[in-house]
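S.K.: Mind folding the following:
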Amino acid sequence: MNELLRVYGEMFQIIAPLALWGLSLACLFAVTIPWALCKDTIQESQVAGHIEDGLKKCIFVGPLPNISNTNSAPWLVLWTLAGMWHNFLPVLVVHTLLDKELVWETKQLWVYLTSGVGMVLLTVLLPTLMDKDLSSFAFILPLVGLASSTAGYSGINVAKLCNGDKTMIPAWAGSWGLALGASHIFPLLVRRVVTVGASKLELFVLLFVVHPFVWNSLLCYYRHNARCIGAARGLYHSVSFLYLYLMKALYGWFLLFQLGSSLGSTKAIVGILVAKRLVGRVGSRSKDTWLLKLLYHRRTTEAILARQEENHLVLADTVASMIAEHTGILVSGAIISVANMHDVSGASPSHVDLWTTCILAHLVTILEGYLTLSIDSAVHQMDVSSLWRRDYTAKLVKVMLLVVAFTGMDVIFRVFGLMCSRSTEENDTILEFCPTASLF
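M.R.: Below you'll find the model as predicted:
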């Protein structure tokens with residue numbers, strides 16, 4: 001037990017700085033977006049009687065953006081950086097799995113410089129030429145295609161890790177393409193479902209059916225690819241898992257904090273969800289046992305799950321999940337509180353109640369993490385202390401800081417793009433869900 005506590009304490013040397021890093025970014029954008037970057041656009045849209053267009057038109061720069069326009073220029077730069085990050089992320093993950101310094105070969109350099117130039121042209125010119133904003137499919141589809149092709153090139157190194165299995169190249173490219181597509185399309189779905197007129201059934205299905213299905217399916221695909229790569233070095237698989245876990249946690253906690261009061265008690269829902277995950281962990285160490293049984297014979301599945309590489313994969317998955325959950329709680333709480341986002345019922349946030357719920361969620365998540373490691377150790381006979389290596393901590397933090405920064409930035413922008421905005425007589429900005437008809 002003492003050894004398990006020591007390992008868990010060392011894990012928090014990664015979790016704490018990353019969660020606080022995410023919190024600082026959330027506070028920065030929660031202040032600058034409504035009161036600096038988009039303030040003029042919000043006021044113009046309110047005067048024109050189109051409150052639903054204020055933040056969306058500002059953040060997604062459209063239609064007809066102009067790089068010389070003081071409102072458009074910062075967002076074109078930010079979205080270009082975000083797009084180039086989507087191209088660079090699979091490269092960063094591959095080099096992390098290889099445990100190498102990021103050294104560019106000439107051919108690699110040209111591929112990524114070309115994709116970077118393509119991203120600049122795509123972000124700046126395409127919306128202007130097609131009279132579309134950056135949330136439209138006219139932008140999403142070329143972006144996914146460009147990022148997938150770049151990921152496919154980095155997949156050549158993944159094939160080398162998989163004993164030359166060239167089928168891993170399209171599998172690797174496909175995994176990043178699907179994740180990127182989901183990261184663009186999911187918020188569009190949220191914007192259409194989470195409206196002032198939405199029913200409780202619609203909100204329930206989105207939060208407890210659609211959201212977990214989308215992100216858990218993608219995580220299952222990622223873990224399946226990771227099994228081919230094996231133990232990699234240390235727990236570096238957690239870097240690739242972190243991207244999707246952050247997407248899942250950031251959207252999940254934001255929706256829970258905003259919709260929880262409409263569906264019952266937010267605090268009770270948090271407890272139920274954690275209890276459900278722990279019961280599932282007792283029954284099976286791997287989250288993908290059902291998939292392995294579907295793909296392979298029972299004995300083959302048991303052999304796969306008994307490998308030492310599977311222990312590395314399970315622990316890497318646990319580490320990435322804990323980092324994302326704590327980051328998601330802080331980031332979601334901060335943008336709702338600091339930006340004064342009203343919930344789906346139109347009520348302004350109760351800051352004391354919100355942060356009490358955040359603290360409770362952190363405590364429950366901390367307990368969940370320890371119980372998860374205890375279950376793995378006691379029930380599934382996993383030697384957690386031998387798998388954990390403290391000397392990997394520094395490199396993991398260095399790489400994960402980038403993942404948290406750019407993934408968090410991407411999700412924060414899209415969350416703000418979901419909201420409608422209006423200015424009060426006191427010149428304050430209020431953010432609320434849009435008074436439009438729900439998708440259903």
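S.K.: In the stretch 301-440 of the chain, where is pLDDT below threshold?
M.R.: Applying pLDDT under 70 to the stretch 301-440 of the chain picks out residues 301-308, 390-391, 423-428, 437-440.
S.K.: What ranges does it have for its helices?
M.R.: 308-338, 351-378, 384-387, 393-418 (DSSP state H, counting those that start in this stretch).
S.K.: ditto for the stretch 1-150 of the chain
M.R.: Using DSSP H, counting those that start in this stretch, the helices of the stretch 1-150 of the chain run over residues 2-32, 39-47, 54-59, 72-98, 106-124, 126-130, 137-161.
S.K.: weakest of the ones you listed by average pLDDT?
M.R.: Sorting these by mean pLDDT places helix 126-130 lowest, at a mean of 64.
S.K.: one step back: give me whichever of the helices of the stretch 301-440 of the chain is most buried.
M.R.: Highest mean neighbour count among the helices of the stretch 301-440 of the chain (mean count of other Cβ atoms under 10 Å): helix 308-338, with a mean of 24. Every residue, glycine included, has its C-beta placed from N, CA and C.
S.K.: just to revisit the earlier point, would you format the helices of the stretch 1-150 of the chain as TSV with mean neighbour count included?
M.R.: Shown next, in TSV, are the helices of the stretch 1-150 of the chain (neighbours: other Cβ atoms under 10 Å):
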stretch	mean neighbour count
helix 2-32	17
helix 39-47	18
helix 54-59	25
helix 72-98	20
helix 106-124	16
helix 126-130	16
helix 137-161	20
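S.K.: of these, which approaches L255 most closely?
M.R.: Comparison of the helices of the stretch 1-150 of the chain against L255 by Cβ to Cβ identifies helix 2-32 as nearest, at 15.6 Å.
S.K.: Centre of the chain to that closest one, how far?
M.R.: Centroid separation between helix 2-32 and its chain, computed with Cα atoms, centre = their mean, to the nearest Å, is 15 Å.
S.K.: Counting by contacts, list what that helix packs against.
M.R.: For helix 2-32, the elements it packs on are helix 308-338, helix 351-378, helix 384-387, helix 393-418, judged by 3 or more Cβ pairs under 8 Å, 6 or more residues apart in numbering; DSSP states H and E.
S.K.: Show me how far the first one is from its chain's centre.
M.R.: Meaning helix 308-338. 10 Å.
S.K.: Likewise for the second one?
M.R.: A distance of 19 Å separates the centroid of the chain from that of helix 351-378, by Cα atoms, centre = their mean.
S.K.: could you give the angle of that helix to helix 2-32?
M.R.: Angle of helix 351-378 versus helix 2-32, following axes from the mean of the first three to the mean of the last three Cα atoms, to 10 degrees, is 150 degrees.
S.K.: and helix 351-378, what other elements does it pack with?
M.R.: helix 2-32, helix 237-263, helix 266-283, helix 308-338, helix 384-387.
S.K.: Apply 7 Å and report the result again.
M.R.: Identification of packing neighbours for helix 351-378 by 3 or more Cβ pairs under 7 Å, 6 or more residues apart in numbering; DSSP states H and E yields helix 2-32, helix 266-283, helix 308-338, helix 384-387.
S.K.: which one of those lies closest to T365?
M.R.: The closest of the helices and strands packed on helix 351-378 to T365 is helix 308-338. By Cβ to Cβ, the value is 4.9 Å.
S.K.: Who are the contact partners of the most centrally placed residue in the chain?
M.R.: Centroid-nearest residue in the chain, with Cα atoms, centre = their mean: M247, separated by 1.7 Å. Counting by Cβ atoms under 7 Å, 6 or more residues apart in numbering, M247 touches S183, W215, T407, V411.
S.K.: if we can go back for a sec, of all the helices of the stretch 1-150 of the chain, which one is nearest V196?
M.R.: Short answer: helix 54-59, nearest of the helices of the stretch 1-150 of the chain by Cβ to Cβ, at 15.6 Å.
S.K.: Can you list the buried residues in the helix or strand hosting E202?
M.R.: In this assignment (DSSP states H and E), E202 forms part of helix 200-205. Using 16 or more other Cβ atoms under 10 Å as the test for burial, helix 200-205 gives E202, L203.
S.K.: Can you report how many residues neighbour R389?
M.R.: Burial measure for R389: 12 neighbouring residues, criterion other Cβ atoms under 10 Å.
S.K.: same check, this time on the one 3 residues further on
M.R.: When neighbours are counted by other Cβ under 10 Å, Y392 registers 16.
S.K.: Check the gap between it and H380 for me.
M.R.: To H380, Y392 is 22 Å away according to Cβ to Cβ, to the nearest Å.
S.K.: May I have stretch 133-151 exported as PDB, CA atoms only?
M.R.: Extracted in PDB, the C-alpha atoms of stretch 133-151 (Å, rounded to 0.1, in the frame of the first residue of the first chain):
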ATOM      1  CA  ASP A 133     -16.500  30.400 -42.100                       C
ATOM      2  CA  LEU A 134     -13.900  28.100 -40.500                       C
ATOM      3  CA  SER A 135     -16.500  25.800 -38.900                       C
ATOM      4  CA  SER A 136     -18.000  24.800 -42.300                       C
ATOM      5  CA  PHE A 137     -17.400  21.500 -44.100                       C
ATOM      6  CA  ALA A 138     -15.600  23.400 -46.800                       C
ATOM      7  CA  PHE A 139     -12.800  24.000 -44.300                       C
ATOM      8  CA  ILE A 140     -13.100  20.800 -42.200                       C
ATOM      9  CA  LEU A 141     -12.800  18.200 -45.000                       C
ATOM     10  CA  PRO A 142      -9.600  19.600 -46.600                       C
ATOM     11  CA  LEU A 143      -8.100  20.100 -43.200                       C
ATOM     12  CA  VAL A 144      -8.800  16.400 -42.200                       C
ATOM     13  CA  GLY A 145      -7.400  15.300 -45.600                       C
ATOM     14  CA  LEU A 146      -4.200  17.300 -45.200                       C
ATOM     15  CA  ALA A 147      -3.600  16.300 -41.600                       C
ATOM     16  CA  SER A 148      -4.300  12.600 -42.400                       C
ATOM     17  CA  SER A 149      -1.800  12.500 -45.300                       C
ATOM     18  CA  THR A 150       0.800  14.000 -43.100                       C
ATOM     19  CA  ALA A 151       0.000  11.500 -40.300                       C
END
